[in-house]
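Asker: any chance you could fold what I've pasted below:
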Amino acid sequence: MNTEKKPIAIWLLICCAMVFAMIVVGGVTRLTDSGLSIVEWQPLVGTMPPITEQDWDELLEKYRTSPQYQQINKGMSVDEFKTIFWWEYFHRLLGRLIGVVFFVPFVYFLVKKKIDRPLGYKLAGIFVLGGLQGFMGWYMVMSGLVDNPNVSQYRLTAHLGLAFIIFAALFWVALGLLSPPAHSVETTGQNTDTLNGLRRYAYGLSWLVFIMILSGGFVAGIRAGLAYNTFPLMNGHFIPPDLFILEPWYRNFFENMTTVQFDHRMIAWILAFTVPLFWFKAIRTNLSDTTHLACHLFLLMLIVQISLGIATLLKVVPIHLAAAHQGGAVLLFTASLWVSQRLSRRI
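Answerer: So this is what the prediction gives:
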């Protein structure tokens, strides 16, 4: 490891931890129906919280113009409003804080010439993605401020997916700085083929985990977790009869609660078989102890995440389990990225 790059890697891992917190807080914000409590987007002025009773009255008055208040929360008191307001406020504040924690050290390392051009381009790209994420968050909220008091599941999933892309970019760059330079292991031709196969396998699993996360976004967006609260069958069916009741047929994959939950379950089942198979192949291959550890953690996190998903479903989506399930998705994705990164370096 290049010791000069270690502070940069630590900084990026701190940003990863903050993005992890952001994703979990965002999940709780959605679960508590708090995301529409702030009806304006004020990137700078909105940083200041309400202090006086007049501030609260003004915010509540603005909220009363929203479809969520008029159709769901009509008559909400100031104290009730404060509960949903604070979740959305801290979600937005954390997003601003991540921007500052990323931007200020980035400028510092640039001035100190600690960042070379290739790394600079990568970090600049991540910063642009962060700015886009802020816009995407507001674009998502806007969909719930006109007529329908629910945000678009398409925009919610895009917002969630972009958060995971930013996390992956931060984590991958940090690992690249912490890991030793890539080198080939002395192997026979057959073992080289095995390593190449494992690497492709790991990449495929990382992408599959990401796709499952996106499918989870649609589950959350249309509240599909509130239906079919049985396992392993869906109300007695392995393949429910109403998978394709919407027209045209492709709408079912994004708007039909049955199909959306079925897809999420099927991806989990695929991972339940393919990850243990990958783990079995990996531990029988001549890899470093660190790479084997990454493989063990990947399998462990899959077991934890599937268990959390089943518990969340059977308990009809309680907030604490659903938030843990969303946090588990980040940790599972992290483990898959670590495995992929280790194998990409053949160590």
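Asker: tell me how far the least confident helix or strand in the chain by mean pLDDT lies from the chain's centre.
Answerer: Averaged element by element with mean pLDDT, DSSP states H and E, the chain has its least confident helix or strand at helix 189-221 (a mean of 91). Centroid displacement of helix 189-221 relative to its chain, using C-alpha atoms, centre = their mean, to the nearest Å, is 16 Å.
Asker: start at 400 instead
Answerer: Happy to do that; since the first residue is 400 now, the last one works out to helix 588-620.
Asker: distance between the helix or strand following that helix and the chain's centre?
Answerer: Next helix or strand after helix 588-620 toward the C-terminus (DSSP states H and E): helix 651-654. Centroid displacement of helix 651-654 relative to its chain, using C-alpha atoms, centre = their mean, is 20 Å.
Asker: one more: stretch 738-746?
Answerer: Relative to the centre of its chain, stretch 738-746 is centred 22 Å away, using C-alpha atoms, centre = their mean.
Asker: contact partners for Arg468?
Answerer: Let me fix one detail, which is that residue 468 is Tyr and not Arg. 462, 475 (C-beta atoms under 8 Å, 6 or more residues apart in numbering). The way it works is simple: take the backbone N, C-alpha and C, and place the C-beta from them, glycine included.
Asker: could you list the low-pLDDT ranges of the stretch 550-699 of the chain?
Answerer: Across the stretch 550-699 of the chain, the ranges flagged by pLDDT under 70 are 579-589.
Asker: how about 90 then?
Answerer: Along the stretch 550-699 of the chain, segments meeting pLDDT under 90 span 578-594, 685-686.
Asker: buried residues in the least confident helix or strand of the chain?
Answerer: 593-594, 597-598, 600-602, 604-605, 607-609, 611-620 (16 or more other C-beta atoms under 10 Å).
Asker: packing partners of it?
Answerer: helix 552-577, helix 656-682, helix 718-743 (3 or more C-beta pairs under 8 Å, 6 or more residues apart in numbering; DSSP states H and E).
Asker: what angle do the longest one and helix 718-743 make?
Answerer: If you take axes from the mean of the first three to the mean of the last three C-alpha atoms, to 10 degrees, helix 656-682 sits at 40 degrees to helix 718-743.
Asker: by contact count, what packs against helix 656-682?
Answerer: helix 588-620, helix 651-654, helix 688-713.
Asker: got the contact list for Phe679?
Answerer: No residues are in contact with Phe679 under the rule C-beta under 8 Å, 6+ apart.
Asker: tell me the spacing between it and His695.
Answerer: 12 Å (C-beta to C-beta, to the nearest Å).
Asker: again with Tyr600
Answerer: Taking C-beta to C-beta, one finds Tyr600 at 16 Å from His695.
Asker: contacts only, for the nearest residue to Val715 once chain neighbours are set aside.
Answerer: Ranked by C-beta to C-beta, 6 or more residues apart in numbering and with sequence neighbours excluded, the top spatial neighbour of Val715 is Asn628, at 5.2 Å. Neighbouring residues of Asn628 by C-beta under 8 Å, 6+ apart: 712-715.
Asker: for Asn628, give its distance to Leu713.
Answerer: The gap separating Asn628 from Leu713 is 6 Å, by C-beta to C-beta.
Asker: got the domain boundaries for this protein?
Answerer: Structural domains assigned to the chain are 400-577, 584-746, following automatic domain parsing.
Asker: hmm, Gly616 and Thr556 touching each other?
Answerer: Yes - counting by C-beta atoms under 8 Å, Gly616 is a contact partner of Thr556 at 3.3 Å.
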